[in-house]
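> Return atomic coordinates for the entry below.
(3 chains)
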Amino acid sequence: MTKPPSPVLVWFRDDLRTADNPALCAAAERGVPIITVFVLDEATPGLRRLGGASRWWLHHSLAGLRAGLAKHGVPLLLRRGPAADVLAALARETGAASVHWNRRYSPGEIAADTATKAALTQAGVAVTSHAGNLLFEPWTIRTGAGGPFRVFTPFWKACLAAGWQPPLRENPELRGGETSVTSDALGDWGLLPRSPDWAAGFPAHWTPGEQGARARLEEFITDGLSGYASLRDRPDRPHTSRLSAHLRFGEVSARTVAAAICQARDTGAANERDADKFLSELGWREFSHHLLYHFPTLPHDNLQPKFVAFAWREDPKGLEAWQKGLTGYPIVDAGMRELWRTGTMHNRVRMVVASFLIKDLLVDWRQGEAWFWDTLVDADHANNAASWQWVAGSGADAAPFFRIFNPVLQGEKHDPDGAYVRTHVPELARLPAKYIHRPWEAPSSTLFEAGIELGATYPHRIVDHAMARDRALEAFKATRG
DNA sequence: TGAAATGTTGGGGCG
DNA sequence: ACGCCCCAACATTTC
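Numbering: from 1, shown residues only, chains lettered A, B, ... in the order given. Presented below is the predicted three-dimensional model:
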């Protein structure tokens, strides 16, 4: 009578994949049965509760991961509660002697994981953490002086010089663990919205999960990468990767994406300019995560102290008009409605709407950050905070505050025919291109023929941009002086 | 990974 | 022929 081997636990977090998953690989190499778990932890202090759109994504991604693991006979258990308690209990129930996970890097997550590791070690369970979610561990990229970079270009140069690891080559040979241990039912977690089901339109745009991520990566390299450098700013064209949510949940690793892009470049399938431009966008993801690691207050506090005194306006009506896509500026409204309807927004338009909220309405960037956190399927604590501070001018390597986007010119430059506006603001669809980004200048006969009545079928502008620009510059001057 | 204001230049119309 | 003005086109500066 030999005792069955004690299983190994793999704790999934932001790495909902089987390929290039160092924690899963390391567990597989132990040659004992594997039991995996995902913990919905809304109890440990310091962890940010997921936003609505992210919860929708997580539900489907977990369903996909469970199905993918089931093919190997590996169970995915779902548990809810403080991770330290849940894992300690699970180790007891399963008899597991070791746990593997891939590291997280935000301050709250680091604290939580440190506490979990301590609790498990105390209970005699070995914990091993791995590098799986970034190209580089944040503490490994340093300036000549030994500190963290605050400027992107030298940061990325240092990254390129350091070189990242290729993805793990082999899919691990997975061996499932028999377990009678209970799991929550995914449906009981209430991750999906109902009454109203605002995510009803999401499935037409997204396939969460590892398979969907790999398919999206291949499709991007085939159809989108060529021309990426010049067309990535065009919201009316399909030249962005749309991989951000897949990366956020780790359905595909950054290493895998980077390797695929490099391969396309090195085999001549993609030109160097397009490939390198896309790689640098992965670099911005890296930069944001490293910044948050080194500057843990990034999501809450202005990185540049001079902004602490900035006289933000309280403008609940303006904020609501912005959220609903009723500002009267077509490119802004198109973006905000794309966000609500599909859970994403084109990157260029994100900058335009953020500039509008911060500079035209003078609303604190944190209110915009909170809305994006709730509505974006790719909402990422590091990227979101770093990017909002970038637009506000308060962050690292940020756009200067006085770089104020003109929503009309941005629309005309990047959506020249108005196709993007027409898609998302259908009440303007019949307006000629000449006026699509400035309907208030259209002759009344043109508006009439397009079936538009300003103030009735489409709002008047909630603020005059020229006035708002001057106001913003004045406010900025005041913080400096 | 801006935009607007201001400055400069050069061609053409015109007295 | 010449100087003057206008202004588009482009460059530079400023916010």
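> and stretch A:141-161, C-alpha only, in CSV?
The C-alpha coordinates for stretch A:141-161 follow below in CSV (Å, rounded to 0.1, in the frame of the first residue of the first chain):
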residue,chain,number,x,y,z
ILE,A,141,16.0,47.3,-15.6
ARG,A,142,18.0,50.2,-14.1
THR,A,143,19.6,53.4,-15.2
GLY,A,144,23.3,53.8,-15.0
ALA,A,145,22.8,55.4,-11.6
GLY,A,146,21.0,52.3,-10.4
GLY,A,147,17.5,53.9,-10.2
PRO,A,148,14.3,53.3,-12.2
PHE,A,149,13.8,55.0,-15.6
ARG,A,150,11.4,57.8,-15.7
VAL,A,151,11.7,58.4,-19.5
PHE,A,152,10.4,55.8,-22.0
THR,A,153,13.0,56.0,-24.7
PRO,A,154,16.1,55.2,-22.7
PHE,A,155,14.0,52.7,-20.7
TRP,A,156,13.1,50.8,-23.9
LYS,A,157,16.7,51.0,-25.2
ALA,A,158,17.9,49.4,-22.0
CYS,A,159,15.3,46.7,-22.4
LEU,A,160,16.3,46.0,-26.0
ALA,A,161,19.9,45.9,-25.0
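> Name the surrounding residues that touch that stretch.
By CB atoms under 8 Å, 6 or more residues apart in numbering, the surrounding residues in contact with stretch A:141-161 are A:135-136, A:138, A:162, A:280, A:283-284, A:286-287, A:290-291, A:293-295, A:396-397. All C-beta spots, glycine's among them, are computed from the backbone N, C-alpha and C.
> Okay, strands next: where are they in chain A?
With strands called from DSSP state E, chain A shows them at A:8-12, A:34-40, A:76-80, A:98-102, A:126-130.
> hmm, back to that, taking the contacts of stretch A:141-161, please make a PyMOL selection of just the buried ones.
Buried residues within those, by 16 or more other CB atoms under 10 Å, are selected in PyMOL with:
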select buried, chain A and resi 135+136+138+280+283+284+286+287+290+291+293+294+295+396+397
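> Isn't A:Pro33 up against A:Ala97?
No. Taking CB atoms under 8 Å as the definition, A:Pro33 is not a contact partner of A:Ala97, at 12.0 Å.
> which one of the two has more residues nearby?
Taking other CB atoms under 10 Å, A:Pro33 and A:Ala97 do not tie; A:Pro33 has more neighbours (22 against 16).
> Look at the closest residue in space to the more buried one that isn't next to it in sequence and report its pLDDT.
Distance criterion CB to CB, 6 or more residues apart in numbering; nearest residue to A:Pro33, sequence neighbours excluded, is A:Gly177 at 3.0 Å. Looking at A:Gly177, its pLDDT stands at 79.
> coming back round to it: quick check: neighbours shared by A:Pro33 and A:Ala97?
A:Val8.
> Would you mind telling me which of the strands of chain A is nearest A:Ala334?
Each of these was scored for nearness to A:Ala334 using CB to CB, and the closest is strand A:34-40 (34.3 Å).
> Would you mind pulling up the elements that that closest one packs against?
strand A:8-12, helix A:22-29, helix A:52-70, strand A:76-80, helix A:83-94 (3 or more CB pairs under 8 Å, 6 or more residues apart in numbering; DSSP states H and E).
> mind redoing it with 7 Å?
strand A:8-12, strand A:76-80, helix A:83-94 (3 or more CB pairs under 7 Å, 6 or more residues apart in numbering; DSSP states H and E).
> how much distance is there from that strand to the middle of the chain?
23 Å (CA atoms, centre = their mean, to the nearest Å).
> Could you do stretch A:21-29 as well?
The answer for stretch A:21-29 is 25 Å, by CA atoms, centre = their mean.
> Okay, buried residues for that stretch please.
A:21-28.
> what does stretch A:426-437 give?
A:427-429, A:431, A:435-437.
> do stretch A:290-307 as well
Quick answer for stretch A:290-307 (16+ other CB under 10 Å): A:290-296, A:298-299, A:301-304, A:307.
> Contacts only, for the residue nearest to A:Asp14 when sequence neighbours are not counted.
Computed as CB to CB, 6+ apart, the closest residue to A:Asp14 that is not its neighbour in sequence is A:Gly250, at 4.7 Å. Going by CB atoms under 7 Å, 6 or more residues apart in numbering, A:Gly250 touches A:14-17, A:133.
> cutoff 10 Å now
A:12-17, A:20-21, A:61, A:65, A:102, A:132-133, A:210, A:213 (CB atoms under 10 Å, 6 or more residues apart in numbering).
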